[in-house]
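Participant: Fold the following and give me the result.
(chains A and B)
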Protein chains: 2
Amino acid sequence: MRLSFSEYRFARSSRWLLAACLCLFVQAALAAADPLPAWSDGASKRAIIAFVQQVTTPESPAFVAADERIAVFDNDGTLWTEKPAYFQLLFAIDRIRELAPQHPEWKTTQPFKAVLDNDMDALADSGEKGLIQLVMASHAGMTTTEFEQIVLAWLKVARHPRFKQPYTELVYQPMLELLNHLRANGFKTFIVSGGGIEFMRPWTQAVYGIPPEQVVGSSIKVKYELHDGEPVLARLPEVDFIDDKAGKPVGIHKFIGRRPLAAFGNSDGDLQMLQWTAAGEGRHFMLLVHHTDAKREYAYDRKSHVGKLDKALDEAGRRGWTVVDMQRDWKVIYPFEER
Amino acid sequence: MRLSFSEYRFARSSRWLLAACLCLFVQAALAAADPLPAWSDGASKRAIIAFVQQVTTPESPAFVAADERIAVFDNDGTLWTEKPAYFQLLFAIDRIRELAPQHPEWKTTQPFKAVLDNDMDALADSGEKGLIQLVMASHAGMTTTEFEQIVLAWLKVARHPRFKQPYTELVYQPMLELLNHLRANGFKTFIVSGGGIEFMRPWTQAVYGIPPEQVVGSSIKVKYELHDGEPVLARLPEVDFIDDKAGKPVGIHKFIGRRPLAAFGNSDGDLQMLQWTAAGEGRHFMLLVHHTDAKREYAYDRKSHVGKLDKALDEAGRRGWTVVDMQRDWKVIYPFEER
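Facilitator: The predicted structure follows:
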């Protein structure tokens, strides 16, 4: 039997079509089976999958009851981007500029002058003391309900200087998948961040699927008051708790009250949290995100001021903790890349 | 037809048997339908059932999404007994006696002398300052892991002076049912207690079904340290947070980060927590347990030093909050009564 040219073309194209369909089908099936599609196949992804399998398989010697499956995540640099500066500092700067007309004295007082002059060197010179002054001036002096509205209003209009996206879009797609994978396996996921607890709580449920009561962070003091008979919590210009470095295990103990099974960070500020997690009995999982991708995100580690990763990187190497090489391990960085 | 005597007896007894069976069946069916069997039928029980129905029925104007259903419970006097003294104070006293051989100076120093002499008047005279000294001497100076073991070991052997039961048996059966009823309806249940957070967390899951991360309480400071290279959290003799009175809304905001939908307390120490809950938008539920049963538990209110219920009772009356009359509303007080 001979085929006419058109018959031949049909047969040939349908063969390709069939092959293409099959291929798509297999890809779809693989994707359905793969809880971490934005992760490249490699040691990091395999370590995560293996750990989750080990602690959730009842026959496994590493099995852990569901209610003990606590996973803690740093936020800045681990769940969302922290460059060119912590997003909360960018919020504070915007707010200082907004409030400046009511504070003529700021024109001549540091660190406010630096903010108003857009003089980042002078701002850096003001150090931690200056930073705390900025936070107090921008984060205190209102009720908790008012502050929540201020944060949400800022997130609606503010855009990242490089990516021109809302800050809540600059979250890592691979980490969103990881959060979902852990929760699908009975884990309770917590944020344990050096950032302000009240800066995060208004949006973590929508962005990460993490409810306010599972967010641990730094805080200023609040005070219960009656304003015209109406109870309010007034935000005071006084540090309550710094949830960073050795403060992270303290924060975990204070807010969660038990040791995590898994901990995820990206900087030396997370080292003690990972050490505390690792010191628990039985199998635990520790992971650091190493920012190696200047093209798609940022590349920084040992010499960086924000998100410095030095001692923790060495300790991860010595102790066999998982270190994610962002460039190699992540196929996608941000959710908007896929849209 | 006439029955012989034995036939008559059989017929009569089987009729009674049938009636008894029917009665048991009806009771069982009622119990299955009743989530609060230890509660007498009355205004308190009806108010609870109605509130839960209103906020969980999607068609109801008062409907609240499941993840917003936060219920907060005071512990001392609300979930378990607080007489003859807060159980945590009895723990501190036992511990001071245990540690006394290592502290010969306590024989002549207040408030320790009062504890060792069993002189409750002198102890009361030492006031809040004395109480804090007792807490620091008995609750600090060890790691968090060690303290947890000390609490659990004490609970195993200590017995209530009147009821001769372990303290964890002196929990209110009606409140256990209420906790279960709320959780069965999608509520997340939290403890918000003036008591020590680390004194409660080791046993709240087993006793109340409340996990450690849903326990809010008073705390002393802890510090992250390396002991022979092993990370520990050392308990310091320094107050961190007092979760009582105006501190309760602060604790709720700090640890939970959103306003409760329902709040349960028993004393003036819970007033601000109930006010804060009531001030939320929409339907909220506030309840006070009034200790009116000297025979089965204790009777106390306006004049009591521990668990004083005065201003909160007046405000509950004015605002229509539910006030449980323990004697009238609770058929059973403790779970062991039913065994």
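
Participant: interface residues of the stretch 201-339 of chain A facing chain B?
Facilitator: Listed as neighbours of chain B in the stretch 201-339 of chain A under the rule C-beta under 8 Å from any C-beta of the partner chain: A:201, A:205, A:211-215, A:219, A:222-224, A:230-231, A:233, A:240, A:246-247, A:249-250, A:253-258, A:272, A:275-276, A:279. For the C-beta atoms, the positions are set from N, CA and C on the backbone; glycine is no exception.

Participant: taking those one by one, which sit in strands?
Facilitator: Among those, the residues falling in strands (DSSP state E) are A:Val215, A:Ser219, A:Val222, A:Lys223, A:Tyr224, A:Glu230, A:Pro231, A:Leu233, A:Asp240.

Participant: give me the number of residues near the first one?
Facilitator: If I follow you right, that is A:Val215. Here the count is done by other C-beta atoms under 10 Å in any protein chain shown, and A:Val215 has 24 residues near it.

Participant: How is the nearest residue to it once chain neighbours are set aside assigned, secondary-structure-wise?
Facilitator: Leaving out its chain neighbours, the residue that sits closest to A:Val215 by C-beta to C-beta, 6 or more residues apart in numbering or on different chains is A:Ile191, at 4.7 Å. For A:Ile191, the reduced secondary structure class is strand; criterion used: DSSP: H, G, I helix; E, B strand; the rest coil.

Participant: Ok, A:Leu287 next?
Facilitator: strand.

Participant: Any idea what it is bridged to?
Facilitator: Following DSSP bridges, A:Leu287 is listed with bridge partners A:Phe264, A:Thr322.

Participant: pretty sure it contacts A:Asn266?
Facilitator: No - the pair A:Leu287 and A:Asn266 does not pass the contact test of C-beta atoms under 8 Å, sitting 9.1 Å apart.

Participant: Against A:Val215, how distant is A:Arg201?
Facilitator: Remark: distance between A:Arg201 and A:Val215 (C-beta to C-beta, to the nearest Å) = 5 Å.

Participant: what sits against the residue nearest to A:Met200 when sequence neighbours are not counted?
Facilitator: Distances taken as C-beta to C-beta, 6+ apart put A:Val215 closest to A:Met200, at 5.2 Å, once the chain neighbours are dropped. By C-beta atoms under 8 Å, 6 or more residues apart in numbering or on different chains, the contact list for A:Val215 reads A:Phe190, A:Ile191, A:Ser193, A:Ile197, A:Met200, A:Arg201, A:Thr204, B:Gly257.

Participant: so who does the fifth one touch?
Facilitator: Counting by C-beta under 8 Å, 6+ apart, A:Met200 makes contact with A:Asn75, A:Ile191, A:Ser193, A:Val215, A:Gly217.

Participant: Please repeat the previous calculation with a cut-off of 10 Å.
Facilitator: Counting by C-beta atoms under 10 Å, 6 or more residues apart in numbering or on different chains, A:Met200 makes contact with A:75-76, A:79, A:88, A:151, A:191, A:193, A:207-208, A:210, A:212, A:215-218, B:257.

Participant: Select only the buried ones of the ones in strands among the residues of the stretch 201-339 of chain A next to chain B in ChimeraX?
Facilitator: Those of those that meet the burial criterion (16 or more other C-beta atoms under 10 Å in any protein chain shown) are gathered into one ChimeraX selection, given here:
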select /A:215,219,222,224,231,233
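
Participant: So among the ones in strands among the residues of the stretch 201-339 of chain A next to chain B, where is pLDDT lowest?
Facilitator: The weakest per-residue confidence within those falls on A:Glu230 (94).

Participant: and the two most separated of the contacts of A:Val215?
Facilitator: Taking every pair in the contacts of A:Val215 and measuring C-beta to C-beta, the maximum separation is 13.3 Å, between A:Ser193 and B:Gly257.

Participant: Name the residue in those two with the higher neighbour count.
Facilitator: Using other C-beta under 10 Å as the criterion, A:Ser193 and B:Gly257 rank with A:Ser193 on top: 30 against 23.

Participant: Quick check: chain neighbours aside, which residue is closest to that one?
Facilitator: Here the nearest residue to A:Ser193 in space, its sequence neighbours aside, is A:Asn75; by C-beta to C-beta, 6+ apart that works out to 3.8 Å.

Participant: Give me the spatial nearest neighbour of the residue of the stretch 101-250 of chain A found nearest chain B, chain neighbours excluded.
Facilitator: For the stretch 101-250 of chain A, the residue positioned closest to chain B under C-beta to the nearest C-beta is A:Pro212, at a distance of 3.3 Å. Once flanking residues are discounted, A:Pro212 sits nearest to B:Gly257: 3.3 Å by C-beta to C-beta, 6+ apart.

Participant: Tell me the spacing between A:Arg328 and A:Ser44.
Facilitator: Taking C-beta to C-beta, one finds A:Arg328 at 9 Å from A:Ser44.

Participant: what residues are shared contacts of the two?
Facilitator: With contacts taken as C-beta under 10 Å, 6+ apart, A:Arg328 and A:Ser44 have A:His290 as neighbours in common.

Participant: Which one of these two is surrounded by more residues?
Facilitator: Comparing A:Arg328 with A:Ser44 by neighbour count (other C-beta under 10 Å), the higher total belongs to A:Ser44, at 22 against 14.

Participant: Now name the helix or strand holding that one.
Facilitator: Take DSSP states H and E as the rule and A:Ser44 turns out to sit in helix A:43-56.

Participant: tell me the mean pLDDT over that helix?
Facilitator: Here the mean pLDDT over helix A:43-56 is 98, rounded to a whole number.

Participant: swap in stretch A:312-320?
Facilitator: Here the average pLDDT along stretch A:312-320 is 98.

Participant: what comes up buried for it?
Facilitator: Buried residues in stretch A:312-320, counting neighbours by 16+ other C-beta under 10 Å, are found at A:Ala312, A:Leu313, A:Glu315, A:Ala316.

Participant: what's the answer for stretch A:155-166, then?
Facilitator: Neighbour counts using 16+ other C-beta under 10 Å place A:Leu155, A:His160 of stretch A:155-166 among the buried residues.
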